[in-house]
Each structure stands twice: as C-alpha cells, then as structure tokens.
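Enquirer: Got a predicted structure plus its sequence, pasted below:
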Amino acid sequence: MSFIKALGISATGLYAQKKRIELVSQNIANADTVLTEDGTPYQRKVAVLGENKNYRDFSTSLDRFSRPLENSGVKVTNILNDDRPPKIVYDPDHPLATEDGYISLPNIDTTEEMLDLLAASRAYEANTTVLNTTKSMFAKSLEIVR
Amino acid sequence: MLNNFDLRLNFLSKSAQGLNKRNDLIAGNIANIETPGYKAKDIDFEQTLRRHLTVDSSGTSAVRPLSSTFDHFTIRNKVGLTEDMSGNNVDIDKEMVAMTENKMKYDLVVEAIKAELKLMNIVIDSNK
C-alpha cells in the first residue's frame, strides 16, 4: 500500500516540524532565564534534522524480508545547544551581577526565533498539502471499484 | 479484443503504480525540505513505459505485454537543481508543481481505467 507509505512519510515531516516549533517556543519562553540548574544562563536549543532511512510502515515491518525503503521520511536526529556566547548586559542592581555590574543573558535573538518559527510552520503546511493530495489520490483510486 | 483489453488495463495499472511511487518520493522530498545534505529524488518510469508502446504503420499505438520486472522502478537523484549552504537541493516550488501534475496524471489514469471497465461492461451486457 503505497498510499499508506506516503502518508507515513508526510507524518514524519509533520512531527519533525512540530518538534522545531516546540523548540522555538522553549527558546522564547527562556529568553530571560539567567540561571539554569548548572548555574549558567539558558542556552539556545537547535533541532538537527536528518533523513529517516529506517522508517518502515506497518506492512513492511511485518515482512522481515522486504526490501529496505529507498525513499525516506525525516527525523530530529539531535537537539544541540547553540554555542554562541551569552549576551553580556550592564545591570548592577541585579542580584546575580558580577562585581563589575554585568550579567549574562541567554544567547537568544527573538527575531531569529521568529524566522525559525515561520520557516517551520511553512514546512509544516507543505507537509499537510502533500498529505491532502495523497488523500485525494487514494479517494480517486477507490472510484475504480464503483 | 479481450487480449488487448487485458494489455491496456495492465499498462494503465503500471502507470498508476509508477505515479503512486512518484507521490511517495515527492512526499519524502518535501518532508526533507530542511534536512542538511538531502538530495531530491525522482523515478524515471515514463521512459520504461514508453518502450512498451509500439506505434504501427497506421499511426495507432499498441501496447506490448509488460514484463514482470517492470515493478522495479529505478530511483535517481534529480539533476540541475541548486544546492543551498547545507547541501540540500529540494526546491519547494518545483516539488509542489510536480505533486499537482502527478495528481492530475493519476486522476487521468484512474478515469482511463474506469472507461476501460465500462467498455468491458458494455460487451458483457450486449449478450442479454
């Protein structure tokens, strides 16, 4: 059932993009988190996407001897910390400020996050479009038996 | 007549299979739109299909029997696309156009199959 396969591939795309949107909201929510558990300011998180070579739909998983899938979905292979240095801001009244009156803020740029959010939601939409096309092709194929 | 009918139906179902496979590949390409290093894929089943069409002297095309190995479509990377900085060469606009085109072709093939079956029904009913 090739249609089911195509639906599964689109679903991996939807999942990966949703994960990216999650990370954006996490980054924005933590844009002012100066203290995390390990005593450093929050670091920006980035999702690394990779080709999902091992993706198998239900029927190919049942068939142990089936050929491996040549075409693939996508997956979030890793979530990495952005290594850019934290923003140093002069705020002598802050309880965590150094002796010189400086404080380290997370390395988050809201504009950058917004762009990422936009890109991810567009990619999500693209995957839903494919999903809908596959759905209507499936419906069309059922017309044969009518 | 019956032999031709069978051949045509076989040919159409192979076309539907190929278009179906292409839909899978387009879904994969779009899912990997931001995957670093991913290369857009496609199949070249039309050429294979064309080799099974023979045109006789009167200009009408006939269909030769398809071999069973026809199921194995070869997947290749698309050429002539520009890569971005991460080495990904998926062009979302091209993929969307390809997807729409593919869907229209598929609808057409399904309509053709329906027409063939309708013809067959006429033949069966004419006996009554």
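Expert: Thanks, I have the structure now. Numbers count the residues shown, from 1 in each chain, chains lettered A, B, ... in the order given.

Enquirer: how close does whichever residue of chain B sits closest to chain A sit to A:Ala16?
Expert: Across chain B, no residue is closer to chain A than B:Ala31, which sits at 3.2 Å (CB to the nearest CB). Yep, even glycine has a C-beta here, placed from its N, CA and C like the rest. For B:Ala31, the distance to A:Ala16 equals 7 Å [CB to CB, to the nearest Å].

Enquirer: tell me, what's touching these two both at once?
Expert: Residues touching both B:Ala31 and A:Ala16 (CB atoms under 8 Å, 6 or more residues apart in numbering or on different chains): A:Val74.

Enquirer: Please identify which of the two sits among more neighbours.
Expert: Between B:Ala31 and A:Ala16, counted using other CB atoms under 10 Å in any protein chain shown, the more crowded position is B:Ala31 (35 against 27).

Enquirer: Tell me who's in contact with that one.
Expert: A:Ile9, A:Ser10, A:Thr12, A:Gly13, A:Ala16, A:Gly73, A:Val74, A:Asn127, A:Val130.

Enquirer: How about B:Ile33?
Expert: Here B:Ile33 is in contact with A:Gly13, A:Ala123, A:Ala126, B:Asn88, B:Val90, B:Ile92 (criterion: CB under 8 Å, 6+ apart).

Enquirer: can you rerun that using 10 Å?
Expert: A:13, A:16-17, A:49, A:74, A:119, A:122-123, A:126-127, B:40, B:88, B:90-92, B:95 (CB atoms under 10 Å, 6 or more residues apart in numbering or on different chains).

Enquirer: on that earlier part again, for the buried ones among the contacts of B:Ala31, write the corresponding PyMOL selection.
Expert: What follows is the PyMOL syntax selecting those of the contacts of B:Ala31 that are buried according to 16 or more other CB atoms under 10 Å in any protein chain shown:
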select buried, chain A and resi 9+10+12+13+16+73+74+127+130
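
Enquirer: From A:Ile144, how far out is B:Asp125?
Expert: B:Asp125 is 19 Å from A:Ile144, by CB to CB.

Enquirer: Of those two, which one has the most company?
Expert: The residue with more neighbours, out of B:Asp125 and A:Ile144, is A:Ile144; 14 against 8, by other CB under 10 Å.

Enquirer: Any regions of chain A where pLDDT drops low?
Expert: Applying pLDDT under 70 to chain A picks out residues A:1, A:54-71.

Enquirer: what residue lies at the spatial centre of it?
Expert: A:Arg20 (2.3 Å; CA atoms, centre = their mean).

Enquirer: Name the nearest residue to it, sequence neighbours excluded.
Expert: Excluding its sequence neighbours, the residue lying closest to A:Arg20 (CB to CB, 6 or more residues apart in numbering or on different chains) is A:Ala120, at 4.1 Å.

Enquirer: And that neighbour, how close does it get to A:Thr133?
Expert: A:Ala120 is 21 Å from A:Thr133, by CB to CB.

Enquirer: now A:Ala47
Expert: 26 Å.

Enquirer: show me what contacts residue 27?
Expert: Because you didn't say which chain, this covers chain A. Here A:Asn27 is in contact with A:33, A:42-46, A:82, A:106-110, A:112-113, A:116-117 (CB under 10 Å, 6+ apart).

Enquirer: oops, I was thinking of chain B
Expert: Here B:Ala27 is in contact with A:5-13, A:71, A:73, A:127, A:130-131, A:133-134, B:95, B:99 (criterion: CB under 10 Å, 6+ apart).

Enquirer: can you pull out the strands in the chain?
Expert: Here I'm looking at chain A. Using DSSP state E, the strands of chain A run over A:45-52, A:73-81, A:87-90, A:102-105.

Enquirer: oops, chain B please
Expert: B:41-43, B:53-55, B:61-63, B:75-77.
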